[in-house]
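**Q** Generate coordinates for the sequence data below:
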Amino acid sequence: MTQDSGSIERLIERGYRYAYSLTHDAADAEDLLQEAWVSVLRAGGRQTAAYLFTAIRCRFIDSLRARKQLVRNADEFQAVSVTAAETCVSEGAEPFWENGELGHALGKLDAESRSMLFLVAVEGWSTRQIAKLMGIPRGTVLSRLHRTRARLRTLLQGKGDT
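**A** This is a model prediction of the structure:
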């Protein structure tokens, strides 16, 4: 499958945004994207958003496992997200969510919730596509998106935790 360089550039830009939504760090997002892109090219896989995003997500999970931070339930997942944010701040790097109310509220969501919200709101993916990417039932995606939107609404109205 041959694509023009413009469409590959757009695909890589979309991949970077998705990687950034998972990592919240420009350098980590670049590394994650590069590893995923190399993997796609080596495997001779299709150069599509679905294929690239799956590779990015798999590499992200692998990196969590490598850091021994892969967790078994949603509560621990959120705790890891908060710990990573605190580490980022303590190392002097300014996390992206420091730059405004929406960014601050998004920073309080766990990585899985941000990822689903990103795929729906920014990439325009259907819940069926997200379910396939994440390997979970569509109903689970729908309920998690509903809870994520409600939590985000609460945070933006100032009723959430500070």
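**Q** Which SSE is immediately downstream of the helix-or-strand element of the chain with minimal mean pLDDT?
**A** Sorting the helices and strands of the chain by mean pLDDT, DSSP states H and E puts helix 74-90 at the bottom, at a mean of 49. Per DSSP states H and E, the first helix or strand lying C-terminal to helix 74-90 is helix 101-107.
**Q** Quick one: list the elements packing against the very next helix or strand once past that following helix.
**A** Tracing the chain C-terminally past helix 101-107 and defining elements by DSSP H and E, one meets helix 111-121 next. Secondary-structure packing of helix 111-121 (3 or more CB pairs under 8 Å, 6 or more residues apart in numbering; DSSP states H and E): helix 5-23, helix 49-66, helix 74-90, helix 127-134, helix 138-156. (Each C-beta comes from the backbone N, C-alpha and C, glycine too.)
**Q** Which of these has the lowest mean pLDDT?
**A** Ranked by mean pLDDT, the helices and strands packed on helix 111-121 end with helix 74-90 at the bottom, a mean of 49.
**Q** Domain map for the protein?
**A** 1-70, 73-162 (automatic domain parsing).
**Q** Same list (these) but as TSV, adding mean neighbour count.
**A** Compiled in TSV, the domains of the chain are given as follows (neighbours: other CB atoms under 10 Å):
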stretch	mean neighbour count
domain 1-70	16
domain 73-162	15
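**Q** still on that earlier bit, can you redo the helices and strands packed on helix 111-121 as TSV with distance to L106?
**A** Putting the helices and strands packed on helix 111-121 into TSV (distance: least, CB to CB, whole Å) gives the following:
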stretch	distance to L106
helix 5-23	9
helix 49-66	17
helix 74-90	11
helix 127-134	17
helix 138-156	7
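**Q** centroid residue for this structure?
**A** The geometric centre of the chain, computed from its C-alpha atoms, lies nearest to L22 (CA atoms, centre = their mean), at 2.8 Å.
**Q** doesn't C58 make contact with that one?
**A** No. L22 lies out of contact with C58 (CB atoms under 8 Å); the separation is 11.3 Å.
**Q** In which helix or strand does the residue lying closest to Y16 once chain neighbours are set aside reside?
**A** Spatial nearest neighbour of Y16, chain neighbours left out: L33 (5.2 Å); criterion: CB to CB, 6 or more residues apart in numbering. If you go by DSSP H and E, L33 is part of helix 26-43.
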